[in-house]
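In: What would the 3D arrangement of this be:
(chains A and B)
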Amino acid sequence: MGRAILLDKVNIPGIRAFEVYREHGGYKPVDKGLLEMTPAQVQQEVIKSGLRGRGGAGFPTGLKWSFLDRKSGKPRYLVCNADESEPGTFKDRYLMEKLPHLLIEGLILSSYALGVKTCYIYIRGEFKYLVGVLENAIREAKQHSYLGEKILGTDFSLEIYVHPGAGAYICGEETALLESLEGKRGNPRIKPPFPAYKGLYDCPTVVNNVETLAAIAPIVSMGGDAYAKIGSGKSTGTKLISACGNINKPGVYEIEMGLPVEDFIYSEEYCGGISNGRMLKAVIPGGSSVPILPADLILNTAKGQPRLLTYESLSEGEFESGSMLGSGGFIVFDEDACIVRNTWNLTRFYRHESCGQCSPCREGTGWMEKVLYRIEHGKGRMSDINLLVRIAKNIEGNTICPLGDAAAWPVASAIRHFRGEFEFHVEHPEVIKSIKHVAIKME
Amino acid sequence: MFKITIDNIEIQVEEGATILQAARMIGGKVVPPAMCYYTKLMGSGGKCRSCLVKVVKGSAKDPRPISKLVASCSTPVQDGMVVENNISAEVREARKGIVEFLLLNHPLDCPVCDQAGECDLQDLSYSFGMEETNTREPRREYTDVDIGPLIKLHMNRCIHCFRCVLTAEQLTKKRAHGMLYRGDTMEISTFIQTAIDNDFSGNMIDVCPVGALTDKTFRFKSRVWFLNPMDAHRECSKCNGKVTAWMFGNEIYRITGCKDEFGEVEEFICNECRFEKKDINAWVIDGPRKIKRQSVISGNHYEHLKKGSIIHPIEGTTEPQE
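Out: The predicted structure is shown next:
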C-alpha cells in the first residue's frame, strides 16, 4: 500500500466513534494547533504545505485563505463543500462515511486559522444518511469540548452546522452553494465580488472541499514542510482517487501524487487492470467534466513521457493532448465502450443540471444533447460533428460559472480524439440501430 | 476618477462604474448590446452574455489581460483598463454565438408578435446574428399560462433575462411570479397560477426585451411602427404620470413608460395610467417624442422644428451592416 495520510485509520473497527478515534491519535493535531500554535502559524503551515484545492480547480488553499477579508469587521464564515455530485467522483462520501472526525478536526483547525466562529457543512441532498453520521460526530466532539464555547479552555469558540442541499449539481459551484445555503434558488453569483469579500450573507467566506479540509489535520500534525515533501513538484501530498468503470477493482484509493497512471490502472494494489481481460480504450481522469483521453495519451504524454497522477502532468499538452486531475473521478472505458453513447449520456446530465441562468449554457447544453441523441440513434448528419465542435466552442468561457466549460469539454475532447467513431455512427445508421444496449454485468 | 479606453476611445468615469456604463457614456457604436442588464433594477445583468467584451489590459497597476471574455454590465472599471468591443474579432464571434443561442428556441413569430419593431432581440440579431440557421431540432414549447387580465405571457418567446422577476421584486412588496424549474425547461410563471395583481405590474411589459410579456389591452391592435409616440402627462397619485402615448390620429392605442436610447424606462408608471386611461381627454399631450434607440420605431417620426432649422437624419437610425 502507498502512503496513507488521510485514510490511515480507515480500517480500524468502530473508528466513527469519538473514543476509538481518539485512542488512535485522533484530535492530537487539534490539541497541537489550538494549544501550541497561533492562528497565523496554522495558516503558515498550510501555505508551506502547498496543499491545493481537491474539489477540482486545484487552487492553492493557503493562497485562497490569504484572500479572506479580515479588515471589514464582519463575521467570517467557513463553508465545507460536501456537495459532491460530479459523475465518477465519490471520494468525499467515502471520507465522510468512514472518518467523519477527520473532517471535524480539519474544520476546527481551519476555523481557528481563519478566525471563524460559525462553520457550515453543505452536504448533497442524496447523502441524507451522512447527515446523521456528521451530526453525531459533531455532538461527540461537543461533549468532549472540542466544539462550542471556549474550546480546550482557549478563547476560541466554534459551532458547526450540517445543511443538506436538495440534490442539484450546480450547488457544488461555490457561489451557487452560498445562495442555496442562504435559502435562495441555487444560481451561481456573478463574480466579482468573490466570496472572500462577499460570500455567505454578504460576509467574507472561505469555501473548501471536504478532502482539502480533511488534509489540514495531517498537515498541522506533521508540519507543512514535511507534507510538501510528499508528492511531486507543485502537486504535494496525497490525493483520493475514486476509480470506476471497466476495471477489476473499482473503489477509492489514496495515492501519493506522482504515481504513474499506468501503475494505477494495472497494478494489483490499485485498479488491478481492465476487467474481463479486455484492452484499455479511454480514460476520463478527473470526473466527468474533464476532457477524455484515449489509451495512448493517458498512459504517455504527447512528448512520450509517462503520464503521472499530478495536476501538472495530466494537464500537459493543454486541451490538444492533455486533460485535468479535476476532482479525481477516474472513469475507465474498455475497448467495447461506445464513446458517442457515453458523450451523449454526459451531455444529458449537463442539460439536466444547467441552472438556466445564462444563455450559452442553458441553450447550448440542450442543443448538444439533442444533436448527440440523433447521432447515437442513427439519425445524424456529417455536418453535425462540426456543429457540435462549434457549439462547444461558443459555450466555453462565455458562461457565468464553470458548468458551461464542464459541459463543453467532454464533447469537444471526445470529437477531437474519437472523430472516427462519430463518423461511423453517421455513416452506418443501420449498424447503430441494430445494437442493443444492455446494462453491463460484472463477473 | 478612473480612466478607461474602449475601442480606442478614452473616457473618465467614476469609481465603481461598470464597463457598460462607461461605454454608454461614450455612446454610439461602442456600446455593447444588453439584453438582461437594466440600470434601474438592482442585481440585473450578467445573464444573457450578449455584452461580452475583451479586456486586453486589466489596469494600470496590473496590466495583464483577462483570459476570458467578461460581461461588461457586471465588471467594474479599473483605472487604466483597455477594453475591446467591436474591434475585437473574438468578441464579434462570441456575440454571434450568443445570438444563435438566444434564437435557438425562440419561435421567430415576429409577424404576429406585438413587440416586433421595438424588440431588443430583433435588433440584436439584425446587428450581430448570422443569416442562416444551423439548428434542425424542434423548438421548445411551453403550455400557455394565464397570469391575469392585463398582461399576456408568451413563454415561448422568453429569453430568461430575469428582468420582470426583479421588477416585481423591487417595485412591489408582493411578488407573485418567479422562475420555475431549471436549465432549458426553466419558465417564468406564477405560483399555482395565481393572477399577477398589483399597481405596478404593468412595468414588466416595459422591461421585457422581447415579446414574452405584452399588453393585453393593445394585443393585435396595430404594429408599433404605424403609431406616433407622443409625450404626455396627467396628474396621478401613484406615479409621476409622465408617459409615452402611442397614437394613431386622435386615438391612443397604448401607453408605455418613457424610454431612453437604451430602451430603459426613465420612470416606472402605474397600471392606472398604462391600462385604464386610453381616452385622449385624460392626458395633456406635450408633443412628439423622439425615439433615440436603434430600432424600427425610431424611423419616420415627426420632430419639433423651429423655423429655419435644418433637418438632420435622426441619430441611431438603423444602418445596414455588412
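In: Domain ranges for chain B, per the record?
Out: Using automatic domain parsing, the domain parsing of chain B gives B:2-101, B:104-218, B:224-298.
In: Ok, which of these comes nearest residue A:223?
Out: Nearest to residue A:223, of all the domains of chain B, is domain B:2-101, at 33.8 Å by CB to CB. (Each C-beta comes from the backbone N, C-alpha and C, glycine too.)
In: wait, does that closest one contact chain A?
Out: Yes. Residues of domain B:2-101 are located near chain A by CB under 8 Å from any CB of the partner chain, namely B:45-50, B:52, B:67-69, B:71, B:74-76, B:94, B:97-98, B:100-101.
In: Quick one: end-to-end distance for that domain.
Out: 34 Å (CA to CA, to the nearest Å).
In: Can you report how many residues lie near residue 232?
Out: Let's take chain A. Number of residues near residue A:232 (other CB atoms under 10 Å in any protein chain shown) recorded here: 16.
In: The intended chain is chain B.
Out: Residue B:232 is flanked by 25 other residues according to other CB under 10 Å.
In: Around the residue of the stretch 251-400 of chain A found nearest chain B, how many other residues sit close by?
Out: Closest residue of the stretch 251-400 of chain A to chain B, CB to the nearest CB: residue A:394 (3.2 Å). Counted with other CB under 10 Å, the neighbours of residue A:394 add up to 23.
In: Kindly confirm my reading that it is in a helix.
Out: Yes. The assignment for residue A:394 is a helix, going by DSSP: H, G, I helix; E, B strand; the rest coil.
In: what sits against it?
Out: Contact partners of residue A:394, counting by CB atoms under 8 Å, 6 or more residues apart in numbering or on different chains, are A:360, A:364, B:94, B:97, B:98, B:100, B:101.
In: for these, which one is nearest residue A:43?
Out: residue A:360 (37.8 Å).
In: Return the set of buried residues in the one helix or strand that closest one maps to.
Out: Secondary structure from DSSP states H and E places residue A:360 in helix A:359-376. For helix A:359-376, the neighbour count (16 or more other CB atoms under 10 Å in any protein chain shown) marks A:359-372, A:374-376 as buried.
In: how about the residues of the stretch 301-443 of chain A that lie near chain B?
Out: Applying CB under 8 Å from any CB, one finds that the stretch 301-443 of chain A approaches chain B through A:351-360, A:362-367, A:370-371, A:387, A:390, A:393-394, A:397-400.
In: Touching stretch A:257-271 from outside, list them.
Out: Contacts for stretch A:257-271 (CB under 8 Å, 6+ apart): A:1-2, A:230-233, A:235-239, A:241, A:243, A:247-250, A:253, A:255, A:272-274, A:280, A:283, A:285, A:298-299, A:306-311, A:313, A:330, A:332.
In: quick one on the thing from earlier: could I have the PyMOL command that selects the buried members from the residues of domain B:2-101 next to chain A?
Out: The PyMOL command for the buried members of these (criterion: 16+ other CB under 10 Å) is given here:
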select buried, chain B and resi 45+46+47+48+49+50+52+69+71+74+75+76+94+97+98+100+101
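In: Filter the residues of domain B:2-101 next to chain A down to just the ones in helices.
Out: Among the residues of domain B:2-101 next to chain A, the ones falling in helices (DSSP state H) are B:94, B:97, B:98, B:100, B:101.
In: Check the gap between the first one and residue A:199 for me.
Out: If you measure residue B:94 against residue A:199 using CB to CB, to the nearest Å, the figure is 29 Å.
In: now the helices for chain B?
Out: Under the criterion DSSP H, helices of chain B are mapped to B:19-26, B:89-104, B:120-128, B:163-171, B:203-207, B:271.
In: Most tightly packed of those?
Out: Ranked by mean neighbour count, these are led by helix B:203-207 with a mean of 26 (mean count of other CB atoms under 10 Å in any protein chain shown).
In: Return the mean pLDDT over that one, rounded to an integer.
Out: Computed over helix B:203-207, the mean pLDDT rounds to 92.
In: where's that helix relative to the chain centroid, distance-wise?
Out: Helix B:203-207 sits 9 Å away from the centroid of its parent chain (CA atoms, centre = their mean, to the nearest Å).
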